[in-house]
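I need the structure of the sequence given here:
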Amino acid sequence: NNYLYILTATQDSVISLLSLNHGVTLLRYREVWLPGFCVAHHIIFQMSQRMSVFLVAALSVTRTYTLLFPLKKIKPKGVLLFLTVLWVLMASFFVIPACLKVVLIRYHWNDGYCWAEPNPEKNISHTWNEIDTWMDFIGLGCPIFPVTLSCIISRP
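Now for the predicted structure:
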(Lines give C-alpha, C1' and ligand atoms only; values in the text may rest on other atoms or scores of the structure.)
Protein backbone atom coordinates (compact mmCIF):
# COMPACT_ATOMS: atom_id res chain seq x y z
CA ASN A 1 0.00 0.00 0.00
CA ASN A 2 2.96 2.36 0.33
CA TYR A 3 2.96 2.93 -3.43
CA LEU A 4 -0.65 4.16 -3.26
CA TYR A 5 0.24 6.65 -0.52
CA ILE A 6 3.24 7.85 -2.53
CA LEU A 7 1.09 8.22 -5.67
CA THR A 8 -1.60 10.06 -3.70
CA ALA A 9 0.92 12.45 -2.14
CA THR A 10 2.49 13.08 -5.56
CA GLN A 11 -0.92 13.67 -7.11
CA ASP A 12 -1.85 16.13 -4.36
CA SER A 13 1.44 17.96 -4.93
CA VAL A 14 0.66 18.28 -8.65
CA ILE A 15 -2.79 19.69 -7.87
CA SER A 16 -1.25 22.16 -5.42
CA LEU A 17 1.28 23.35 -8.01
CA LEU A 18 -1.48 23.73 -10.60
CA SER A 19 -3.58 25.69 -8.11
CA LEU A 20 -0.66 28.08 -7.69
CA ASN A 21 -1.06 29.07 -11.35
CA HIS A 22 -4.74 29.84 -10.76
CA GLY A 23 -3.99 31.72 -7.53
CA VAL A 24 -1.37 33.94 -9.15
CA THR A 25 -3.75 34.61 -12.04
CA LEU A 26 -6.42 35.77 -9.59
CA LEU A 27 -3.90 37.92 -7.71
CA ARG A 28 -3.07 39.58 -11.03
CA TYR A 29 -6.74 40.63 -11.37
CA ARG A 30 -7.48 37.69 -13.67
CA GLU A 31 -4.73 38.55 -16.11
CA VAL A 32 -3.54 35.09 -17.06
CA TRP A 33 -0.14 34.40 -15.51
CA LEU A 34 1.18 31.77 -17.92
CA PRO A 35 -0.80 32.17 -21.18
CA GLY A 36 1.19 29.51 -23.05
CA PHE A 37 0.42 26.99 -20.32
CA CYS A 38 -3.37 27.16 -20.75
CA VAL A 39 -3.90 23.93 -22.72
CA ALA A 40 -1.45 21.87 -20.67
CA HIS A 41 -2.84 23.32 -17.42
CA HIS A 42 -6.39 22.34 -18.33
CA ILE A 43 -5.48 18.81 -19.35
CA ILE A 44 -3.20 18.14 -16.38
CA PHE A 45 -5.64 19.68 -13.89
CA GLN A 46 -8.65 17.74 -15.18
CA MET A 47 -6.72 14.47 -15.12
CA SER A 48 -5.21 15.21 -11.71
CA GLN A 49 -8.48 15.81 -9.97
CA ARG A 50 -9.94 12.59 -11.34
CA MET A 51 -6.83 10.54 -10.55
CA SER A 52 -6.88 11.91 -7.02
CA VAL A 53 -10.43 10.64 -6.54
CA PHE A 54 -9.55 7.24 -8.02
CA LEU A 55 -6.47 6.96 -5.81
CA VAL A 56 -8.60 7.53 -2.72
CA ALA A 57 -11.00 4.85 -3.99
CA ALA A 58 -8.08 2.46 -4.59
CA LEU A 59 -6.83 3.11 -1.06
CA SER A 60 -10.29 2.36 0.32
CA VAL A 61 -10.66 -0.84 -1.68
CA THR A 62 -7.22 -2.15 -0.75
CA ARG A 63 -7.76 -1.31 2.91
CA THR A 64 -11.11 -3.11 2.93
CA TYR A 65 -9.61 -6.11 1.16
CA THR A 66 -6.86 -6.26 3.77
CA LEU A 67 -9.43 -6.11 6.58
CA LEU A 68 -11.58 -8.82 5.02
CA PHE A 69 -8.70 -11.09 4.02
CA PRO A 70 -5.82 -10.33 6.41
CA LEU A 71 -3.73 -13.30 5.31
CA LYS A 72 -3.92 -12.55 1.59
CA LYS A 73 -1.46 -10.14 0.04
CA ILE A 74 -2.56 -7.49 -2.43
CA LYS A 75 -0.60 -7.64 -5.66
CA PRO A 76 0.65 -4.14 -6.46
CA LYS A 77 0.90 -4.99 -10.17
CA GLY A 78 -2.88 -5.43 -10.43
CA VAL A 79 -3.67 -2.13 -8.74
CA LEU A 80 -1.00 -0.27 -10.70
CA LEU A 81 -2.19 -1.83 -13.97
CA PHE A 82 -5.75 -0.67 -13.25
CA LEU A 83 -4.55 2.86 -12.45
CA THR A 84 -2.34 2.92 -15.56
CA VAL A 85 -5.19 1.85 -17.84
CA LEU A 86 -7.40 4.47 -16.21
CA TRP A 87 -4.73 7.13 -16.71
CA VAL A 88 -4.30 6.22 -20.39
CA LEU A 89 -8.06 6.35 -20.98
CA MET A 90 -8.32 9.74 -19.30
CA ALA A 91 -5.32 11.06 -21.20
CA SER A 92 -6.96 9.93 -24.43
CA PHE A 93 -10.18 11.72 -23.54
CA PHE A 94 -8.49 14.99 -22.63
CA VAL A 95 -5.55 15.06 -25.08
CA ILE A 96 -6.90 13.66 -28.36
CA PRO A 97 -9.85 16.08 -28.77
CA ALA A 98 -7.57 19.04 -28.03
CA CYS A 99 -4.95 17.83 -30.54
CA LEU A 100 -7.59 17.25 -33.22
CA LYS A 101 -9.10 20.69 -32.47
CA VAL A 102 -12.46 19.06 -31.72
CA VAL A 103 -12.42 21.11 -28.54
CA LEU A 104 -10.77 24.45 -27.99
CA ILE A 105 -9.12 25.14 -24.66
CA ARG A 106 -9.35 28.82 -23.87
CA TYR A 107 -8.86 31.12 -20.94
CA HIS A 108 -12.15 32.28 -19.39
CA TRP A 109 -11.66 35.61 -17.71
CA ASN A 110 -14.73 35.34 -15.42
CA ASP A 111 -13.52 32.06 -13.91
CA GLY A 112 -9.79 32.67 -14.11
CA TYR A 113 -9.44 29.17 -15.60
CA CYS A 114 -8.70 27.57 -18.91
CA TRP A 115 -11.69 25.48 -20.05
CA ALA A 116 -12.40 23.18 -22.96
CA GLU A 117 -15.37 23.91 -25.11
CA PRO A 118 -16.56 22.32 -28.35
CA ASN A 119 -15.13 23.81 -31.51
CA PRO A 120 -18.07 25.56 -33.23
CA GLU A 121 -16.69 24.55 -36.64
CA LYS A 122 -16.93 20.84 -35.77
CA ASN A 123 -20.64 20.96 -34.85
CA ILE A 124 -20.31 18.48 -31.97
CA SER A 125 -21.57 20.62 -29.10
CA HIS A 126 -24.32 18.24 -27.96
CA THR A 127 -22.16 15.13 -28.34
CA TRP A 128 -19.24 16.72 -26.51
CA ASN A 129 -21.46 17.84 -23.64
CA GLU A 130 -22.87 14.32 -23.29
CA ILE A 131 -19.42 12.72 -23.30
CA ASP A 132 -18.07 15.33 -20.89
CA THR A 133 -20.99 14.78 -18.49
CA TRP A 134 -20.43 11.01 -18.52
CA MET A 135 -16.71 11.46 -17.96
CA ASP A 136 -17.46 13.68 -14.97
CA PHE A 137 -19.87 11.08 -13.61
CA ILE A 138 -17.43 8.21 -14.10
CA GLY A 139 -14.36 10.12 -12.96
CA LEU A 140 -15.82 12.02 -10.03
CA GLY A 141 -19.05 10.22 -9.13
CA CYS A 142 -18.41 6.49 -9.45
CA PRO A 143 -15.49 6.26 -7.00
CA ILE A 144 -17.92 7.12 -4.20
CA PHE A 145 -19.39 3.61 -4.45
CA PRO A 146 -16.27 1.64 -3.45
CA VAL A 147 -15.40 4.28 -0.85
CA THR A 148 -18.87 4.05 0.72
CA LEU A 149 -18.79 0.26 0.62
CA SER A 150 -15.37 0.34 2.25
CA CYS A 151 -16.68 2.58 5.02
CA ILE A 152 -19.66 0.28 5.64
CA ILE A 153 -17.56 -2.89 5.70
CA SER A 154 -14.72 -1.53 7.81
CA ARG A 155 -16.73 0.16 10.54
CA PRO A 156 -16.48 -1.47 13.98
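
List phi and psi for Glu117.
When quoted as degrees, to the nearest 10, the phi and psi of Glu117 stand at phi -140, psi 150.

ok, and what's touching the helix or strand of the chain with the lowest mean pLDDT?
Across the helices and strands of the chain, mean pLDDT, DSSP states H and E gives its lowest value to helix 125-136, namely a mean of 84. The contact list for helix 125-136 (C-beta atoms under 8 Å, 6 or more residues apart in numbering) reads Phe93, Pro97, Val102, Val103, Ala116, Pro118. Using the backbone N, CA and C atoms, a C-beta is placed for each residue, glycine as well.

That one: how far from the chain's middle?
A distance of 16 Å separates the centroid of the chain from that of helix 125-136, by C-alpha atoms, centre = their mean, to the nearest Å.

And that helix, what's buried?
For helix 125-136, the buried set under the neighbour-count rule, 16 or more other C-beta atoms under 10 Å, comprises Trp128, Asp132, Met135.

Mind putting the residues you listed into TSV with distance to Arg30?
Formatted as TSV, those follow (distance: C-beta to C-beta, whole Å):
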residue	distance to Arg30
Trp128	26
Asp132	24
Met135	27
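
and which of those is nearest to Leu18?
Sorting the buried residues of helix 125-136 by distance to Leu18 puts Met135 at the head of the list, at 18.6 Å, by C-beta to C-beta.

Quick check, central residue of this protein?
Centroid-nearest residue in the chain, with C-alpha atoms, centre = their mean: Arg50, separated by 2.1 Å.

Next, the contact list for the closest residue to it other than its chain neighbours, please.
Nearest residue to Arg50, sequence neighbours excluded (C-beta to C-beta, 6 or more residues apart in numbering): Gly139, at 3.7 Å. Taking C-beta under 8 Å, 6+ apart as the definition of contact, the neighbours of Gly139 are Arg50, Val53, Phe54, Met90.

Cool, thanks, signing off.
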